[in-house]
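Chemist: Just to be clear, the model below is a prediction. Sequence and coordinates:
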Amino acid sequence: MSRFFRPAILGLLACACLGAHAAPNCASLKSGDYRLINHREADPDWRHHVMQFDAASLTFTDFTGGTFTLTPAAEKCAYSGDGGNVQLVVSRSGILVVRDATNGAMALGLPEMALDLKALVGLHNFLGAGKQEDGLMHTDAGQISIDRRGRVRSAGCGDGGIGACGPTDKLFATLTPNPAGGFDMAFKDSSYTERLFAFKNRDGLVAVVVGQDQIHVATPALARTLPAVGPLPNNWSLSQNPQGTTSALNFEHREVVSVDAVSQSFVRRSLDSCVQQTWFINQGHAGVTYREKGTGTNCTGQTVNLNAVHALGTGLGFSVFGWESSDPAKARFFGFGIDQP
């Protein structure tokens, strides 16, 4: 059983004060503290706990003194542990995504950082998932604004979260610093409180709001630019379905084959499957990337179904993606992506 998770699940944190020592096959995985965030964890002590990482020994130590040692995989910045049951991948900013095959858990690790509230002030896009009364995980998206007093206001952005957004004039929560790290997020119309953890460097910012069976990822609502034609970073991704079942960790080699400045779109091709797909940027509002439901053709000429996808990049080599709309024919899901450094 993995020590990475509560002897069953994960909750990791990385540190803004990361040391100079890096793991052998990944310059962005450095010694220091990491906070692992696992929204499916029932025990709050393990839902977003801090772990210390020693790059020389590739060992994490949790708050109980338990240890977990990584084994480098064939790919750069990828690791396994617990007899191969746990997989961990690292972005260029040190953000981690972890999957535990023994229970299907997926978790997000942020370099630990003590940010002032003012670092979060502004308008953000968000995408997330949470369990509702039907017992299933539902994906939602929109915008939030955070002011200097920690007041959080929200707005909807159309069906699937890809349309024009309304004004962020609905006060629904307030942020206050938590001495144990991050912020408490107290909701206006209930006694319910979640936690918010954030990471920021010169390339971007990401804030993660987590409660039991609830996770939302926010990033500044900045317009995205079209990529250049040519190779893209290799990418790992995984997602969960409405029942909370997590997919396998997918590793894909990709390239951009064409760009259309008029439609603000680009065609991306998988070098592994040969499937081409069209993506649109800044759909309805700045920062959103979107792919419509459709089909593609793989290397052997077979037709491949493509789900509708709403995605948010962060500038940190980490993205969040998913979909839910009023169209029941479009699959519902939520996931994380990591670009290989």
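Modeler: All right, it came through fine.
Chemist: Could you chop the chain up by domain?
Modeler: The chain breaks down into these domains under automatic domain parsing: 13-112, 114-341.
Chemist: most neighbours per residue, which of those?
Modeler: Ranked by mean neighbour count, the domains of the chain are led by domain 13-112 with a mean of 20 (mean count of other CB atoms under 10 Å). Glycine gets a C-beta too; all of them are placed from N, C-alpha and C.
Chemist: Tell me how far that domain lies from the chain's centre.
Modeler: From the chain centre to the centre of domain 13-112 is a distance of 14 Å (CA atoms, centre = their mean, to the nearest Å).
Chemist: just stretch 146-158 next, same as before
Modeler: 20 Å.
Chemist: Now do it: distance from first to last residue.
Modeler: One end of stretch 146-158 sits 21 Å from the other (CA to CA, to the nearest Å).
Chemist: Equivalent analysis for stretch 267-280, please.
Modeler: Using CA to CA, one end of stretch 267-280 lies 9 Å from the other.
Chemist: all numbers from here: first residue = 43
Modeler: Will do, 43 is the new start, and the previous item becomes stretch 309-322.
Chemist: Kindly reformat the domains of the chain as JSON lines and extend each row with mean pLDDT.
Modeler: Shown next, in JSON lines, are the domains of the chain (pLDDT from 0 to 100):
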{"stretch": "domain 55-154", "mean pLDDT": "89"}
{"stretch": "domain 156-383", "mean pLDDT": "95"}
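Chemist: And the strands in the stretch 243-383 of the chain, which stretches?
Modeler: 246-253, 256-262, 272-273, 277-282, 292-294, 296-302, 307-312, 318-323, 330-333, 336-339, 345-348, 351-355, 360-365, 375-381 (DSSP state E, counting those that start in this stretch).
Chemist: Compare these and give me the one nearest residue 165.
Modeler: Taking CB to CB, strand 256-262 is the member of those nearest to residue 165, at 7.1 Å.
Chemist: outside of that closest one, which residues touch it?
Modeler: Contact with strand 256-262 is made by 79, 81, 150, 164-173, 182, 186, 236, 246-251, 329, 354-357, 362, 376, as judged by CB atoms under 8 Å, 6 or more residues apart in numbering.
Chemist: Is it correct that residue 87 falls within a helix?
Modeler: Yes. Counting by DSSP: H, G, I helix; E, B strand; the rest coil, residue 87 is found in a helix.
Chemist: That one and residue 286: what is the separation?
Modeler: From residue 87 across to residue 286, the span is 21 Å (CB to CB, to the nearest Å).
Chemist: again, but for residue 270
Modeler: Distance, residue 270 to residue 286, using CB to CB: 38 Å.
Chemist: Okay, and the beta partners of residue 292?
Modeler: Counting by DSSP bridges, residue 292 is bridged to residue 279.
Chemist: So it sits against residue 279, correct?
Modeler: Yes. In this structure, residue 292 is within contact of residue 279 by CB atoms under 8 Å, at 5.1 Å.
Chemist: Let me know the secondary structure of residue 125.
Modeler: Per three-state DSSP, the secondary structure class of residue 125 is helix.
Chemist: do the same with the one 5 residues further on
Modeler: Following three-state DSSP, we place residue 130 in the strand state.
Chemist: my guess is it meets residue 139, correct?
Modeler: Yes. Contact criterion CB under 8 Å: residue 130 and residue 139 qualify, at 7.4 Å.
Chemist: Now do the contacts for residue 65.
Modeler: Neighbours of residue 65 in contact, by CB under 8 Å, 6+ apart: 71-72, 97, 100, 112, 114, 121.
Chemist: May I ask which two of these are separated the most?
Modeler: Among those, 72 and 114 lie farthest apart (CB to CB), at 14.9 Å.
Chemist: And residue 376, how far from residue 228?
Modeler: Taking CB to CB as the measure, residue 376 falls 24 Å from residue 228.
Chemist: List the beta-bridge partners for the closest residue to residue 111 other than its chain neighbours.
Modeler: Of all residues not flanking residue 111 in the chain, residue 101 sits nearest, at 4.8 Å (CB to CB, 6 or more residues apart in numbering). Beta bridges link residue 101 to residue 96, residue 111, judged by DSSP bridges.
Chemist: Over to residue 247?
Modeler: residue 242.
Chemist: Distance check, it against residue 283.
Modeler: Counting by CB to CB, the separation of residue 247 from residue 283 is 29 Å.
Chemist: got it, and residue 217?
Modeler: According to CB to CB, residue 217 and residue 283 sit 31 Å apart.
Chemist: Next: residue 351.
Modeler: From residue 351 to residue 283 the distance is 14 Å (CB to CB).
Chemist: swap in residue 242?
Modeler: 31 Å.
Chemist: ok, now residue 232?
Modeler: Distance from residue 232 to residue 283, counting by CB to CB: 27 Å.
Chemist: Nothing else from me, thank you.
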